[in-house]
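Visitor: Compute the structure for the input listed below.
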Amino acid sequence: MTQSPVPGSATITRLLVANRGEVARRVFRTCNALGIETVAVFSEPDRDLPFVDEATYAVALGGTTSAQSYLDAAKILDAARRSGADAVHPGYGFLSENADFAEAVTDAGLVWVGPTPASMRAMALKVEAKRIAAGAGVPLVPGAELDAEVSDADLVLIADGVGYPVLVKASAGGGGKGMRIVRAPHAIVEAVSGARREAAASFGDPTVFLERYVEGSRHVEVQVFGDTHGNVVHLFERECSIQRRHQKIVEESPSPSATTTTLERMYAAAVSLARSISYVGAGTVEFLVSGAGDDQESFFLEMNTRLQVEHPVTELVTGLDLVEWQLAVARGAPLPLAQGDIDRDGHAIEVRLYAEDPARDFLPSTGRITRWDLTGYGDVRVDAAVDEDSEVTPYYDPMLAKIIAHATDRTEAARALARVLRDERVDGVTTNADLLVAVLESPAFLAGETTTAFLDEHPEVLAPRVPAQVLRRQLVVAALVLLDGALERDEVAPSPPRGWRNVGGVPDTLRVDYRHGAADASALLARSWTRDGAVFWVRPDTGGESVAAQAIATDDRFERVEGAALERARGARWFRDGSAHLELDGVRREVRGHLGGPAWQWSSGLPGDDAVATAQLSVSCDGWTTAFTVVEPWATSARDGAGASPTTPVPGTVTHVSVAVGDGVTAGDALVVLEAMKMEHTIRADADGVVAAIHVRVGQSVDAHTVVVTLGPADGSS
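Guide: You can find the predicted model right below:
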């Protein structure tokens, strides 16, 4: 199938996507449907990601970081020339809102799938965009511009004039980069300094400004589209209020909170603003909505001159392909539909699955994905960046996938999404799946109480705990798998199992570590032998909670076991996909187990009794998944063995060193700033002391657990 050209317009036969991961795959999908060949570009860490092989052609950019690859406009243009591409789609992020790059693309004789450079420049700098919006009569949030040379004293005065809480925002870019909420004058100087560093690293522009932070507000945006014939339409709104670190994690349409009057006012303002800058292509006008009912207000925030991450929400409620619209407009065609012909049906919700640990301040997680079993069904769509065996590196955004559900109403859409997330099986990295399920099932979310402070107001969703009875079942499975090799055979405890003896002997024991909500926990697993068979013992220590031990017999002849509640496990027939129907005390249910990580040898201590265990085991049961890490018998706990010197939590690049040798610090003081996965992580002193040595420098790439500073005692004693 080939694309039918519009008379007198440009043709697109081979499209280069100047981006990576999920958005590249998304654009490729529409191009494939239209018969357009595709070109992927990739950095060295991305060489083996799925998007590279899914393109018709792929060009290596070299380099590791964004600056060395996806932000290098010259390399992108050279890749277009070498691959014979006749058009460039920028995706979102990276160079997608860079007017100079768009101009260079068109100067090279290529079709630019995006707005004109003039429109991009008008909206690229948020300070200038606010001036244009004000001129168009769009209401603005109170704020102030900042001169690059503003003194600390003047900065405090300016922030006082804006009024606390203050939001520090980067003028260039988006995605939550270069943003800080400041609630008191003493924190404003450090916040502005940090926002400037992050903005410079992410967008090449350190300019920031101040804006009043409106408490209890909602983030509602309007999707707009324009063409080269002067037509501009809106495709309704999306609410994106639930955010972490000012980055959206849940998006939906329609908004559960904005009134009809507010929405009509925002639709009109968004279309008017787009018309005022002769906007072409896909764009989003973002608003802050506060209040309720007749008193509800809306304020202009910014305009994103690109396709948004959350565009599938709009696609599912309108039934339209926004990438196809982008390609049509870029070729010079008029908009496919007029405003009166655009309808919306049902409700759509999108969540973003990240490789991160919400219970540890959203610390990014890196590593190789050992299992990827995440698929949509029914009206649930999955747009993924990775696949099984993909490597999640510290160099780029940690988003793994977007999962989007469409249903007749909001409650059913939330239920469908939660069901898919509970069934997801992703191993090798920590994800925020439990957080997303907790949000979707929380009474506050289902009631539509979704402000930008949702996660602060509902901290319980950050680290939901596996119910006690479910955890017990998971530990039973862990004992059967790790001590009896249940995944390696068809039956639990076949006769004779590995290690069997006809007399009692020393128990086989094993310790596993796991997370119980936000707490670290461990359990002792043991297998005892009697003349009648095996008994498995589970003694959990769930972060200081008192939990009774339990024993699991695999033979009906056991009547009781001293010191523990007795359960019986039988009929666990494991299938090739790692699932089993496990019967515990007469109740049968499906469980799943997945072994991963480096194998190692352990011994029960008995002559000739060697067994093979594995370093990692994830167990899914009743919609919950727990990852168990086997503790090597000779190894000390990582928690017990951790030194007192501050270390890096993840691999990354040092962007700022806040102290010098000889400086006195108190617990909580900032020492070093690390950038990883497009986010800043401040490493702070965990005790009072004096800086005895600094082990890192700005620009240095470091591994996880690297000591950054050595602290000596505050009193100078040895």
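
Visitor: Setting the sequence-adjacent residues aside, check what's closest to residue 291.
Guide: residue 297 (5.4 Å; CB to CB, 6 or more residues apart in numbering). To be clear about C-beta, it is placed using only N, CA and C from the backbone, and glycine gets the same treatment.

Visitor: quick one, what contacts that neighbour?
Guide: 139, 262, 289, 290, 291 (CB atoms under 8 Å, 6 or more residues apart in numbering).

Visitor: ok, of those, which one's closest to residue 436?
Guide: residue 289 (23.1 Å; CB to CB).

Visitor: Which two among the contacts of residue 297 are spaced furthest apart?
Guide: Of all the pairs that the contacts of residue 297 form, the one spanning the most space (CB to CB) is 139 and 291, at 12.7 Å.

Visitor: C-terminal to the lowest-mean-pLDDT helix or strand in the chain, what's the next element?
Guide: Within the chain, no helix or strand scores below helix 638-641, which has a mean of 37 by mean pLDDT, DSSP states H and E. Counting by DSSP states H and E, the next helix or strand C-terminal to helix 638-641 is strand 652-657.

Visitor: Which elements pack onto that following strand?
Guide: Under the contact criterion of 3 or more CB pairs under 8 Å, 6 or more residues apart in numbering; DSSP states H and E, strand 652-657 touches helix 188-203, strand 670-676, strand 701-702.

Visitor: Helices along the stretch 51-200 of the chain, start to end?
Guide: 73-83, 99-107, 117-124, 126-135, 152-162, 188-203 (DSSP state H, counting those that start in this stretch).

Visitor: For residue 416, grab phi and psi.
Guide: Torsion angles at residue 416 (phi, psi; degrees, to the nearest 10) stand at phi -60, psi -40.

Visitor: and the nearest residue to it once chain neighbours are set aside, how many neighbours?
Guide: Spatial nearest neighbour of residue 416, excluding adjacent residues (CB to CB, 6+ apart): residue 405 at 4.2 Å. Residue crowding around residue 405 was assessed by other CB atoms under 10 Å; the count is 29.

Visitor: Contacts for the helix or strand where residue 405 lies, please.
Guide: Using DSSP H and E, residue 405 maps to strand 399-407. With contacts defined as CB under 8 Å, 6+ apart, strand 399-407 is touched by 21-22, 309-310, 312-313, 316-317, 346-355, 374, 376, 379-386, 392, 413-417, 420-421, 426, 429, 431.

Visitor: Give me the buried entries from those residues.
Guide: Taking 16 or more other CB atoms under 10 Å as the criterion, what is buried in the contacts of strand 399-407 is 21-22, 309-310, 312-313, 316-317, 346-355, 374, 376, 379-386, 392, 413-414, 416-417, 420-421, 426, 429, 431.

Visitor: From the residues you listed, which land in strands?
Guide: 347-354, 380-384, 392, 426 (DSSP state E).

Visitor: and of the residues you listed, the nearest to residue 54?
Guide: residue 384 (11.4 Å).

Visitor: can you list the helices and strands packed on strand 652-657 in JSON lines and add mean neighbour count, mean pLDDT and distance to residue 133?
Guide: Formatted as JSON lines, those follow (neighbours: other CB atoms under 10 Å; pLDDT from 0 to 100; distance: least, CB to CB, whole Å):
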{"stretch": "helix 188-203", "mean neighbour count": "21", "mean pLDDT": "87", "distance to residue 133": "20"}
{"stretch": "strand 670-676", "mean neighbour count": "22", "mean pLDDT": "85", "distance to residue 133": "31"}
{"stretch": "strand 701-702", "mean neighbour count": "18", "mean pLDDT": "82", "distance to residue 133": "40"}
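
Visitor: Now render those as a markdown table, adding distance to residue 478.
Guide: Converted to a markdown table, those look like this (distance: least, CB to CB, whole Å):
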| stretch | distance to residue 478 |
| --- | --- |
| helix 188-203 | 41 |
| strand 670-676 | 31 |
| strand 701-702 | 34 |
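
Visitor: Okay, helices next: where are they in the stretch 251-400 of the chain?
Guide: Under DSSP H, counting those that start in this stretch, the stretch 251-400 of the chain gives helices at 260-276, 311-318, 322-330.

Visitor: Touching the first one from outside, list them.
Guide: If you take CB under 8 Å, 6+ apart as the criterion, helix 260-276 is touched by 132-133, 136, 138, 220, 222, 224, 226, 230, 232-234, 236-237, 255, 258, 283, 285, 287, 289, 294, 296-298, 300, 303.

Visitor: next one: stretch 53-67
Guide: 14, 17, 24-25, 28, 37-45, 47, 52, 68-70, 72, 75-76, 79, 82-84, 94, 395-396, 653, 678.

Visitor: just the buried members of those?
Guide: In the contacts of stretch 53-67, burial by neighbour count holds for 14, 17, 24-25, 28, 37-43, 45, 52, 69-70, 72, 75-76, 79, 83, 94, 395-396, 653, 678, counting by 16+ other CB under 10 Å.

Visitor: Among those, name the ones in strands.
Guide: Short answer: those in strands (DSSP E) are 14, 17, 37, 38, 39, 40, 41, 42, 653.

Visitor: Please name the nearest non-neighbouring residue to the first one.
Guide: If I follow you right, that is residue 14. In space, residue 14 is closest to residue 37, 4.2 Å off (CB to CB, 6+ apart).

Visitor: number of nearby residues for residue 229?
Guide: Neighbour tally, residue 229, other CB under 10 Å: 11.

Visitor: Correction: the previous question concerned residue 64.
Guide: Other residues close to residue 64 by other CB under 10 Å number 16.
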